[in-house]
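> sharing a model that was predicted from the sequence below.
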Amino acid sequence: MPNLLVAVSDSVFPTLDPARRVLSELGAELRLAADSTPEAILQVARGADALLVTYAKVTSEIIREMERCRIISRFGIGVDNVDLAAATKAGIVVTKVPDYCIDEVSDHAMALLLALVRKIPLANSRTQSGHWEMSAVVPIHRLRGTVLGLIGFGRIPQLVAPKAKAFGLRVVTYDPYIPEEVLNRAGVERIDFDELVKISDYISIHTPLMPETHHLFNAEVLRRMKPTAYLVNTARGPIVDEEALARALDQGQLGGAALDVLEKEPPSDSPLLGRNNVILTPHTGFYSEESLVDLQMKASEEVVRVLTGQAPRNPVNPEALHFARSN
């Protein structure tokens with residue numbers, strides 16, 4: 001299959017060698033954009049057969065300019081940076097990699113929760129600065145017997161649940177779409193959103209970012225949480241209204257928060273900076289050396305499948321395949 005071109009809009013990887021190894025079976029050229037501006041992306045993508053994308057915005061304008069593209073494959077789980085409607089209209093299938101970092105993110109969510117409850121960052125900071133004093137970090141409460149509420153029960157929270165249960169937590173979830181047999185198998189109770197917010201000692205967010213989940217955790221919802229509750233977000237930053245969260249913390253409406261994702265990254269002026277009861281990590285929940293290799297290979301395998309006439313494993317808009325065939 002000669003003269004195939006696979007464009008890369010942007011990359012956070014130290015090397016694209018894992019992707020090159022997978023794409024080598026096509027004999028495809030891999031071409032990385034100089035930066036993530038629309039102009040730079042189109043310089044490499046205008047005549048490309050496929051586009052690999054990380055965080056760059058793939059707008060309808062970019063999609064209209066791509067002359068041969070058959071697949072946009074995301075290095076990641078979410079695809080909110082790709083205009084799905086425009087891609088579908090153009091007959092371009094969009095794919096994601098939903099399972100490359102589920103161990104890492106579920107571990108990170110639990111690590112954040114444990115660090116919050118045991119107040120480890122604060123205790124470490126005080127001790128490192130010469131203050132050996134338990135009084136600075138009390139009270140600390142027992143985990144066993146408390147309630148963890150999971151917002152969403154997809155692949156990642158399905159791994160969080162057994163880890164939390166190993167610590168003796170009762171695990172409940174709000175997810176109106178997950179089949180009952182999945183919940184039964186996990187031993188997790190489905191409850192409605194309002195009830196989860198009311199009874200949970202800790203809430204961990206694992207829902208995609210959609211119009212209906214933008215600022216899902218707003219001032220009203222935060223007000224209904226227990227004043228001792230902790231909020232953990234390893235999903236998408238805009239699901240939490242950071243201004244409202246800061247006000248809730250100031251007013252003692254909840255105990256603390258741990259966020260791996262923020263509305264604005266990096267957070268140059270976030271009201272959550274500099275707080276003893278807030279843990280912030282720089283969007284590293286997905287990361288391990290192994291997960292990055294898996295991510296590149298799985299995203300590239302989708303390109304190979306589509307460009308060789310096979311069905312992709314994880315299409316976000318499978319109707320685009322039929323649309324392309326009908327034109």
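Sure, I can see it. Note that the coordinates shown come from a computational prediction; the quantities given were computed from them, not determined experimentally.

> the strands in the stretch 51-200 of the chain, which residues?
Secondary structure of the stretch 51-200 of the chain (DSSP state E, counting those that start in this stretch): strands at 71-74, 93-95, 147-151, 170-174, 189-190.

> mind putting these in a markdown table, mean pLDDT, mean neighbour count and distance to Leu84 included?
Heads up, the C-betas are built off the backbone N, CA and C, glycines and all. Formatted as a markdown table, those follow (pLDDT from 0 to 100; neighbours: other C-beta atoms under 10 Å; distance: least, C-beta to C-beta, whole Å):
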| stretch | mean pLDDT | mean neighbour count | distance to Leu84 |
| --- | --- | --- | --- |
| strand 71-74 | 98 | 29 | 9 |
| strand 93-95 | 98 | 26 | 6 |
| strand 147-151 | 98 | 25 | 23 |
| strand 170-174 | 98 | 21 | 25 |
| strand 189-190 | 98 | 14 | 28 |
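
> do you know which of those strands lies nearest Met210?
strand 147-151 (12.5 Å; C-beta to C-beta).

> got the contact list for the residue most central in space within the chain?
Closest to where the C-alpha atoms of the chain average out (C-alpha atoms, centre = their mean) is Ala235, at 4.0 Å. For Ala235, the contacting residues are Ile151, Gly152, Ile205, His206, Thr207, Pro208, Leu209, Val261, by C-beta atoms under 8 Å, 6 or more residues apart in numbering.

> run the last query once more with 7 Å
Ile205, His206, Thr207, Val261 (C-beta atoms under 7 Å, 6 or more residues apart in numbering).

> got it, and His206?
Leu150, Ile151, Gly152, Gly154, Ile156, Pro157, Ala235.

> can I get the CA coordinates of whatever helix or strand Arg247 lives in in PDB?
Element membership of Arg247 [criterion: DSSP states H and E] is helix 242-250. C-alpha atoms of helix 242-250 as PDB (Å, rounded to 0.1, in the frame of the first residue of the first chain):
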ATOM      1  CA  GLU A 242     -13.300  25.400  40.600                       C
ATOM      2  CA  GLU A 243     -14.500  28.800  41.700                       C
ATOM      3  CA  ALA A 244     -17.400  27.100  43.500                       C
ATOM      4  CA  LEU A 245     -15.100  24.400  44.900                       C
ATOM      5  CA  ALA A 246     -12.800  27.100  46.400                       C
ATOM      6  CA  ARG A 247     -15.800  28.900  48.000                       C
ATOM      7  CA  ALA A 248     -17.100  25.700  49.400                       C
ATOM      8  CA  LEU A 249     -13.700  24.900  51.000                       C
ATOM      9  CA  ASP A 250     -13.500  28.500  52.300                       C
END
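
> let me see the mean pLDDT of it.
Helix 242-250 comes out with an average pLDDT of 98.

> domain map for this protein?
Following automatic domain parsing, one finds the domains of the chain at 5-100+289-326, 102-280.

> so which elements touch the helix holding Arg247?
For helix 242-250, the packing partners by 3 or more C-beta pairs under 7 Å, 6 or more residues apart in numbering; DSSP states H and E come out as helix 219-224.

> let's see 10 Å
helix 219-224, strand 230-233, strand 256-259, strand 278-280 (3 or more C-beta pairs under 10 Å, 6 or more residues apart in numbering; DSSP states H and E).

> and Thr127, which of these is closest to it?
Taking the helices and strands packed on helix 242-250 one by one with C-beta to C-beta, strand 278-280 is closest: 16.5 Å.

> the closest one pairs with which strands, parallel or anti?
As defined by DSSP bridges, the strand partners of strand 278-280 come to strand 256-259 (parallel).

> how about the CA coordinates for the strand it pairs with, as PDB?
These are the backbone C-alpha positions of strand 256-259, laid out as PDB (Å, rounded to 0.1, in the frame of the first residue of the first chain):
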ATOM      1  CA  GLY A 256     -10.900  18.800  50.900                       C
ATOM      2  CA  ALA A 257     -10.300  17.800  47.300                       C
ATOM      3  CA  ALA A 258      -7.700  16.100  45.200                       C
ATOM      4  CA  LEU A 259      -7.600  17.000  41.500                       C
END
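
> what about it, average pLDDT?
Rounded mean pLDDT across strand 256-259 is 98.

> same check, this time on stretch 214-226
Confidence for stretch 214-226, expressed as mean pLDDT, is 98.

> need the residues that contact it.
Identification of contacts with stretch 214-226 by C-beta atoms under 10 Å, 6 or more residues apart in numbering yields 147, 149, 151, 193-194, 196-203, 205, 207, 209-210, 229, 231, 233, 235-236, 238-245, 247-249, 251, 253-255, 257, 263.

> ok, 6 Å please
Stretch 214-226 is contacted from outside by Val197, Pro238, Ile239, Val240, Asp241, Ala244, Ala248, Gln253, Leu254, using C-beta atoms under 6 Å, 6 or more residues apart in numbering.

> adding distance to Asp17, write the strands of the stretch 51-200 of the chain out as JSON lines.
Formatted as JSON lines, the strands of the stretch 51-200 of the chain follow (distance: least, C-beta to C-beta, whole Å):
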{"stretch": "strand 71-74", "distance to Asp17": "17"}
{"stretch": "strand 93-95", "distance to Asp17": "21"}
{"stretch": "strand 147-151", "distance to Asp17": "36"}
{"stretch": "strand 170-174", "distance to Asp17": "39"}
{"stretch": "strand 189-190", "distance to Asp17": "43"}
